[in-house]
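K.L.:
Sequence and predicted model, in that order:
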Amino acid sequence: MSILTSKENSIYTIAEMSANHSGSLDRAIEIVKAAKDSGADCLKIQTYMAESLTIDCDNDYFHINSGMWDGYNLYQLYKEAATPYEWQADIKKECDKIGIDFLSTPFDEVGADFLETLDVKAYKIASFELVHIPLIKHIAKKRKPMIISCGMGTVEEIQDAIDAIVGEGLHKEKITLLKCTSEYPAKTEDMNLLTITDMIERFGTKVGLSDHSIGATAPVTAVALGATVIEKHFCLSRDIKNPDSNFSTEPAEFKEMVEAVNAVNNARGEVRYGPTENEASSVKFRRSIFAVKDIDKGELFTKDNIRIIRPGHGIAPKNYENLIGAKAKNKYERGQPIKYEDISL
């Protein structure tokens, strides 16, 4: 299985560890195993140090004053949530060992170059880095598939990112955009998932969903609308508190979500009219025109001697009006289907 390629006719699912290791490498390794057992195709981490994202400054500009991270300053939050660089080779080694893809989000050029030493197969761009065009260009030069979360992104900002990638020689076929609502947790009424169908048409890339909502409603809906990738934060238990735990998915929930999105994807199928192979045997139970009384040759068909009934061995109901008042060209016993040779058009 290669990156972004799941089992046949299955949705590619990404379990995002983020801060759910809660400062323990052993827990991080447990999360890798639990993600695999829960049906995830990929385990994702984040590659940054607090200094990659901000500075250690405590003035008002750097304070978070609302939401689930209320009271933190940015440096404190990122310091607590970071996955140490020295763990990441071990995490990838465990992924390789048990057969689950490894993916990470670098937040600066140093992080991207570090991931290259781990022989990663793809790169993820976070929603908040969508406008970081220099970083996007730097990663695009590595010529590997790129997954881009588009939370808060305008059409112009998303197009700028695509143009930057293509401008570095990476084909659009290697770009996957993820619809994302950058709320933690995301409210379903704010998700605007119909945007997925527009993104597919407008940008000409594969499209998925990076989901911060609770439950499987949004992923299932996204797949019904054409999403091919689902990313969801993943934890061993929401009782293990950390900056991401409140909106993360536990293993049993993730497994149910994987099963649900794949069932919906199978149900999507293809554009098709007419009976399927498994419906073919049911066609005979449609209605058709039958003799409900004995009819002699030359006798007129009437509403009294023919009816539209099941099964479907006679001519189609659309011919009923043409038959009324016409002469029977053959003799019929009650319960025989009327044949096409009796239609005079």
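P.N.:
Perfect, thanks for sending it.

K.L.:
could you dump the helix or strand harbouring residue 29 to PDB, C-alpha only?
P.N.:
Assigned by DSSP states H and E, residue 29 falls within helix 25-37. Taking C-alpha atoms only, helix 25-37 is exported to PDB below (Å, rounded to 0.1, in the frame of the first residue of the first chain):
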ATOM      1  CA  LEU A  25       7.000   8.200  23.600                       C
ATOM      2  CA  ASP A  26       5.600   4.900  24.900                       C
ATOM      3  CA  ARG A  27       2.000   6.300  24.500                       C
ATOM      4  CA  ALA A  28       2.900   7.500  21.000                       C
ATOM      5  CA  ILE A  29       3.900   4.000  20.100                       C
ATOM      6  CA  GLU A  30       0.600   2.700  21.600                       C
ATOM      7  CA  ILE A  31      -1.300   5.200  19.500                       C
ATOM      8  CA  VAL A  32       0.400   3.900  16.300                       C
ATOM      9  CA  LYS A  33      -0.700   0.300  17.100                       C
ATOM     10  CA  ALA A  34      -4.200   1.400  18.100                       C
ATOM     11  CA  ALA A  35      -4.500   3.400  14.800                       C
ATOM     12  CA  LYS A  36      -3.600   0.300  12.800                       C
ATOM     13  CA  ASP A  37      -6.000  -1.900  14.800                       C
END
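
K.L.:
Just the mean pLDDT for it, thanks.
P.N.:
The pLDDT scores in helix 25-37 average 98.

K.L.:
where along the stretch 51-200 of the chain do the strands fall?
P.N.:
Applying DSSP state E, counting those that start in this stretch to the stretch 51-200 of the chain gives strands spanning 101-106, 123-125, 146-149, 175-180.

K.L.:
closest to residue 32 out of those strands?
P.N.:
Nearest to residue 32, of all the strands of the stretch 51-200 of the chain, is strand 101-106, at 8.7 Å by C-beta to C-beta. To be clear about C-beta, it is placed using only N, CA and C from the backbone, and glycine gets the same treatment.

K.L.:
quick one: strands adjacent to that closest one?
P.N.:
strand 42-47 (parallel) (DSSP bridges).

K.L.:
Tell me which of the strands of the stretch 51-200 of the chain sits most buried.
P.N.:
strand 123-125 (a mean of 26; mean count of other C-beta atoms under 10 Å).

K.L.:
Run through who's touching that strand.
P.N.:
Applying C-beta atoms under 8 Å, 6 or more residues apart in numbering, the contact partners of strand 123-125 are 44, 103-106, 112, 115, 132, 135-136, 139, 142, 144-149, 161.

K.L.:
before we move on, the earlier item: nearest to residue 51, of the strands of the stretch 51-200 of the chain?
P.N.:
Using C-beta to C-beta as the measure, strand 101-106 is the one of these that comes nearest residue 51, at 13.6 Å.

K.L.:
The closest one vs helix 25-37, what angle?
P.N.:
Between the axes of strand 101-106 and helix 25-37, defined by axes from the mean of the first three to the mean of the last three C-alpha atoms, to 10 degrees, the angle is 130 degrees.

K.L.:
what's the distance between strand 101-106 and the middle of its chain?
P.N.:
The gap between the average C-alpha position of strand 101-106 and the chain average comes to 18 Å, counting by C-alpha atoms, centre = their mean, to the nearest Å.

K.L.:
pLDDT of that strand, averaged?
P.N.:
pLDDT averaged over strand 101-106 gives 98.

K.L.:
Let's see that strand as PDB, backbone CA atoms only.
P.N.:
What follows is strand 101-106, C-alpha atoms only, in PDB (Å, rounded to 0.1, in the frame of the first residue of the first chain):
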ATOM      1  CA  ASP A 101       1.700   4.700   6.500                       C
ATOM      2  CA  PHE A 102       3.600   7.500   8.200                       C
ATOM      3  CA  LEU A 103       2.900  11.100   7.500                       C
ATOM      4  CA  SER A 104       3.800  14.400   9.200                       C
ATOM      5  CA  THR A 105       3.100  18.100   8.900                       C
ATOM      6  CA  PRO A 106       6.300  20.200   9.000                       C
END
